[in-house]
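1. task: produce atomic coordinates for the following.
(chains A and B)
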Amino acid sequence: MISFSAIVDRALNGPICTEKEFDLNIFVPNLRKVLEKYKITYDPATPVPSDDALADRVWEAAMEFLLATGMFCLDTERRILFTREEIEGALATGPSGNIFGDGKDARIMPRRYPEDKTPPWISGCGAGPVSKEEYLINIVKTYAEDSLSDGITAPCLTNIDGRPLEANSPWGIEGAVRTILLTREGLRRAGRPGMPVVNEVASAIRAQEHIAGHRFGNPKVDYLEIGLVHELKVDLDALNKVAYGLSTGNLTFAENGVILGGFAGGPAGVAVVTAAYNPVDMLVLRGAAQHPFLVPFEKGTTSNRTVIWARSVAMQAISRHSPLPMVGSGYTSAGPLTEMSYYEFGAWIIANVVSGGSVEIGVPYRGTLVDYCGPVENIFGNGVANASAGMSRKEANKIVLALLEKYEDKIPDPPKGKPYLEYFDEKGLPNKECLALYRKMRKEFEDSFGFQFKKTSPFW
Amino acid sequence: MPGEEAVYEQLKEAIIAGDREKTLKAVEAALEGGVSASDIIEKGMSPGMKEVGERFARYEIYLPEMMMAAEAWEGAMKVLEPKLVEGGKVAKKVGKVVLGTVAGDIHSIGKNIVGAMLKMSGFEVYDLGIDVPASHFVTKAEEVRADVIAASALMSTTMSQQKNIIDHLKARGVREKYAVLVGGGSTTEDWAKQIGADGYGKTAGDAAALALQAVARKEGK
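-> Residues are numbered from 1 along each chain as shown, chains lettered A, B, ... in the order given. Sure thing, here's the model as predicted:
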């Protein structure tokens, strides 16, 4: 694979272009061309397609699109272009078999295929905003106590001692450091000290905050989550994070959140661009896993039918052609302690797993409400993800359609659910109402869809 | 003019297609044929923009189509505005909006969509881009005599910059001059109320409607 230095050289010296030219004169026309050429169209009736030929066409379309388009560096206004040989080089030598975590918490991040029986790698907790440090610790501890949890996505502190946590300020640095220390404490209390912290710090926007947080975590196992800008754009700050990660030898989650409704257009375009990101994640972000987080620009939910389809198709395409594992991320529209959030988690997680991905289970209510986190819903998600391994895409499609019927029309105005103090009791444990709902929904999935949950949950 | 309806249809279709060249050619042909600048806008181009907005609301088209339609519109208006002035008319501008993503935040898609929708609603939009310091919103608003400041923030850690804009407005003694609208992934109605914003846009469409309401309030309607 070409060196990172070569990528940086291109970011600094590549062909000059304005952002608008890149978006409207290069990205959009190139994408439209391949969508037409490879006849990729969205099928709302089949959110989880069983169509290997479609998956392969999406992959071919994505590679052709990436070759023609390249990437754009925002700071230098230059394009980063790749040759076919370079893309193929990345795919031939791409990472696989990396171990995430340490000691008894170590687990290989598997490469998975559609309908793969290999259990997915699972992280959760989901970067939701929390207002108090004890909430963060309890949320993390709760999730980490399920042995199906392989990694933790740290919640996001909103304040430092009552002061709003402002990005790019010293409070941003302190917030990153404190988040990691609190998350590590939560993991320690759960008896999972070797569990990796996935996103490092959700509140950290700039490299200095990421690096500060990373320094105070467990540098041996925590890894950086580095994201690109929509679409196919990178800035020097992201490359700075990569440079740091390469020096420390840490693993990187390479995040891409293709926006449905943005430059990628509709579901077909989103699927192709998501697939195109896969080699980019190896070449530019030097990722050990691709972390796709498809999201519609409005409402931001990831359990929409359109997003489920795009995610499924993209993941099938990628898993059939690339060694780089995928850890698909998603939220729900409905809030915690609602039946709807369980249905939503079920739907997108099933689609994700049978399509060849591992999962990162996010927060309810799109992570927009402070203290509305759902670690027990995430534990349910763990069970669904694990039980979905080996399921056929055809069966998954039936279940996802049945689940969509239960919540799809409520997405525009979903139930808010309940915040931390109505979710946890005074001891910092999920309360009776929370656990009753969890058990009820688990039984519903067992009875209605034949799910066989592993009895790993601490709240069985 | 014979075939005037066909001319308007051509203009409408060119806008819907987001084809700047085609739109300019259609405008030139219409002007040569004796169609007035105001009729070109009101009977040809505006219905096209309306259709674009409606298709976007139905998710039949997306951001690229909206931006290209807005580009086609702006290109045509550069030709037509002087003609309107010659004819003693002024292009109907609903209002002026200063738009941007707040300091520390580099997300732009939502902002771009809002910008396109505001233009389609007849607003003159001054898009400051991303990572915009609070004071810059105010300075630009003062410079262009804007009606509305619209600030987008995706992250919970950048939301506070929306309050910062309001603080800067107050510090300069100009808070009452501008309606401040906020939106973006982490923002909520409660947040908007908490910081004293004048409106919260949950969706891109909300932004245009809120901006129209703000201007109407300003004009005492």
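
2. so what strands line up beside the lengthiest strand in chain B?
-> What stands out as the longest strand in chain B, according to DSSP state E, is strand B:95-101. Paired strands of strand B:95-101, with direction, are strand B:123-127 (parallel), strand B:148-152 (parallel) (DSSP bridges).

3. residues contacting the residue lying closest to A:Ser96 once chain neighbours are set aside?
-> Among residues not flanking A:Ser96 along the chain, A:Pro323 sits closest, at 4.3 Å (Cβ to Cβ, 6 or more residues apart in numbering or on different chains). Yep, even glycine has a C-beta here, placed from its N, CA and C like the rest. Taking Cβ atoms under 8 Å, 6 or more residues apart in numbering or on different chains, we find A:Pro323 in contact with A:Leu91, A:Gly94, A:Pro95, A:Ser96, A:Arg111.

4. and chain A, which residues reach chain B?
-> By the rule Cβ under 8 Å from any Cβ of the partner chain, the part of chain A lying against chain B is A:23-24, A:28, A:74, A:129, A:156, A:158, A:164-168, A:172, A:175, A:203, A:205-206, A:229-230, A:235, A:259-266, A:297-300, A:366-370.

5. kindly recompute the last result at 7 Å.
-> By Cβ under 7 Å from any Cβ of the partner chain, the residues of chain A that approach chain B are A:24, A:28, A:129, A:156, A:158, A:164-168, A:172, A:203, A:205, A:229-230, A:235, A:259, A:261-263, A:265-266, A:297-298, A:300, A:368.

6. returning to what we had before: among the strands paired with strand B:95-101, which is the most enclosed?
-> strand B:148-152 (a mean of 29; mean count of other Cβ atoms under 10 Å in any protein chain shown).

7. tell me how far the residue nearest to A:Ser96 lies from A:His291.
-> A:Pro323 sits at a distance of 16 Å from A:His291 (criterion: Cβ to Cβ, to the nearest Å).

8. what do you get for A:Gly383?
-> 22 Å.

9. likewise A:Glu405?
-> In this view, A:Glu405 and A:His291 are 29 Å apart by Cβ to Cβ.

10. ok, these two, which is more surrounded?
-> A:His291 (27 against 10; other Cβ atoms under 10 Å in any protein chain shown).

11. okay, now the domains of chain B?
-> B:4-86, B:95-218 (automatic domain parsing).

12. and the closest residue to A:Leu403 other than its chain neighbours, which helix or strand is it part of?
-> Spatial nearest neighbour of A:Leu403, chain neighbours left out: A:Ala347 (4.2 Å); criterion: Cβ to Cβ, 6+ apart. A:Ala347 belongs to helix A:339-354 when assigned by DSSP states H and E.

13. right, and the helix or strand after that helix?
-> Following helix A:339-354 in sequence, per DSSP H and E, is strand A:358-361.

14. other SSEs contacting that following strand?
-> strand A:122-124, strand A:327-330, helix A:339-354, helix A:375-388 (3 or more Cβ pairs under 7 Å, 6 or more residues apart in numbering or on different chains; DSSP states H and E).

15. what about the residue most central in space within chain B, distance to A:Pro119?
-> By Cα atoms, centre = their mean, chain B has its centre lying nearest to B:Leu118, at 2.4 Å. Distance, B:Leu118 to A:Pro119, by Cβ to Cβ: 48 Å.

16. same thing with B:Ala211?
-> 50 Å.

17. so between these two, which is more surrounded?
-> Taking neighbours as other Cβ under 10 Å, B:Ala211 and A:Pro119 compare with B:Ala211 leading, 30 against 20.

18. so for the residue in the stretch 351-460 of chain A that chain B sits nearest to, what's the pLDDT?
-> Distances between the stretch 351-460 of chain A and chain B by Cβ to the nearest Cβ are smallest at A:Thr368, namely 5.7 Å. A:Thr368 carries a pLDDT value of 84.

19. mind naming the longest helix for chain B?
-> Ranked by residue count and defined by DSSP state H, the top helix of chain B is helix B:63-86.

20. pLDDT on that helix, on average?
-> The average pLDDT for helix B:63-86 rounds to 88.

21. got it, and stretch A:100-110?
-> The predicted model assigns stretch A:100-110 a mean pLDDT of 93.

22. contacts for it, please.
-> A:97-99, A:118, A:121, A:150-151, A:192, A:194-196, A:220-221, A:251, A:288-289, A:325 (Cβ atoms under 7 Å, 6 or more residues apart in numbering or on different chains).

23. next step: those residues restricted to strands.
-> Those of the contacts of stretch A:100-110 lying in strands (DSSP E): A:Ile99, A:Gly151, A:Ala289.

24. re earlier: out of the helices and strands packed on strand A:358-361, which comes closest to B:Glu143?
-> Nearest to B:Glu143 among the helices and strands packed on strand A:358-361 is strand A:327-330; the distance by Cβ to Cβ comes to 41.3 Å.

25. beta partners for the one residue sitting closest to the centre of chain A?
-> Ranked by distance to the mean C-alpha position of chain A (Cα atoms, centre = their mean), the top residue is A:Ser329 at 2.6 Å. Beta-bridge pairing for A:Ser329 (DSSP bridges): A:Glu360.

26. ok, back up a step: could you dump the helices and strands packed on strand A:358-361 into a markdown table with mean pLDDT and distance to A:Glu86 added?
-> Converted to a markdown table, the helices and strands packed on strand A:358-361 look like this (pLDDT from 0 to 100; distance: least, Cβ to Cβ, whole Å):
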| stretch | mean pLDDT | distance to A:Glu86 |
| --- | --- | --- |
| strand A:122-124 | 95 | 30 |
| strand A:327-330 | 94 | 24 |
| helix A:339-354 | 98 | 29 |
| helix A:375-388 | 97 | 34 |
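
27. any idea how many residues pack against B:Lys177?
-> 16.

28. which residues touch it?
-> B:Lys177 touches nothing, counting by Cβ under 7 Å, 6+ apart.

29. try it again at 10 Å.
-> B:Val138, B:Ala141, B:Glu142, B:Arg145, B:Ala146, B:Asp147, B:Ile149, B:Leu169, B:Lys218 (Cβ atoms under 10 Å, 6 or more residues apart in numbering or on different chains).

30. in ChimeraX, how would I select just the buried ones from those residues?
-> Buried members of the contacts of B:Lys177 can be picked out in ChimeraX with the line below, counting by 16 or more other Cβ atoms under 10 Å in any protein chain shown:
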select /B:138,141,146,147,149,169
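
31. hmm, A:Lys432 and A:Phe424 touching each other?
-> No. Contact criterion Cβ atoms under 10 Å: A:Phe424 and A:Lys432 do not qualify, at 11.2 Å.

32. which one of the two is surrounded by more residues?
-> A:Phe424 (22 against 9).

33. pLDDT value on the more buried one, please?
-> Reported pLDDT for A:Phe424: 95.

34. where does pLDDT dip in chain B?
-> B:1-2, B:89-92, B:221 (pLDDT under 70).

35. helices along that one, start to end?
-> Counting by DSSP H, the helices of chain B are B:4-17, B:20-32, B:37-39, B:46-57, B:63-86, B:109-120, B:134-144, B:160-171, B:189-195, B:204-218.
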